[in-house]
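Engineer: this one's sequence-less:
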């Protein structure tokens, strides 16, 4: 179980870093104004509009992977095993019946030592 949790943490960190990097690489809505003054993206690696589609889809896939790994870590983090009570849990279970026995013992001892009802003379 610990290996799976470690793997999920690695996937989450890598997908988070990927989303951060891809968001920083993408052009904003104001990039069209900058393209008019000579810094156009027509000579880019993916073409004029190819980079927007590729980067947007890759960002969406990495974001979905990030959310799935976060959900998996949440589910694994809330999973508790109830088999082991630990040292203090075992001590509490053993002391609970012992504490109940002395409470009933004085009542039984008091009933046994109580005098019998006096005899009624005739």
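Structural biologist: Arrived safely, thanks for sending. Since we're looking at a predicted model, the values are computed, not measured. Numbers count the residues shown, from 1 in each chain.
Engineer: avg pLDDT for stretch 67-87?
Structural biologist: Stretch 67-87 carries an average pLDDT of 83.
Engineer: in that stretch, what counts as buried?
Structural biologist: For stretch 67-87, the neighbour count (16 or more other C-beta atoms under 10 Å) marks 69, 72, 73 as buried. Placement of C-beta: from N, CA and C, glycine included.
Engineer: okay, now the unreliable bits of this protein?
Structural biologist: For the chain, the stretches with pLDDT under 70 are 29-52, 83-86, 89-91, 93-119, 122.
Engineer: ok, 80 please
Structural biologist: For the chain, the stretches with pLDDT under 80 are 1, 27-52, 79-122.
Engineer: where do the helices sit along it?
Structural biologist: Remark: helices assigned in the chain by DSSP state H are 2-25, 31-36, 50-78, 86-113.
Engineer: can you count the residues close to the residue lying closest to residue 22 once chain neighbours are set aside?
Structural biologist: The spatially closest residue to residue 22, leaving aside those adjacent along the chain, is residue 59, at 4.4 Å (C-beta to C-beta, 6 or more residues apart in numbering). If you count neighbours by other C-beta atoms under 10 Å, residue 59 ends up with 18.
Engineer: now distance to residue 28 too, for the buried residues of stretch 67-87, in CSV please.
Structural biologist: Converted to CSV, the buried residues of stretch 67-87 look like this (distance: C-beta to C-beta, whole Å):
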residue, distance to residue 28
69, 27
72, 32
73, 31
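Engineer: so the residue nearest to residue 22 makes contact with residue 19?
Structural biologist: Yes - with contact defined as C-beta atoms under 8 Å, residue 59 counts as touching residue 19 (6.0 Å).
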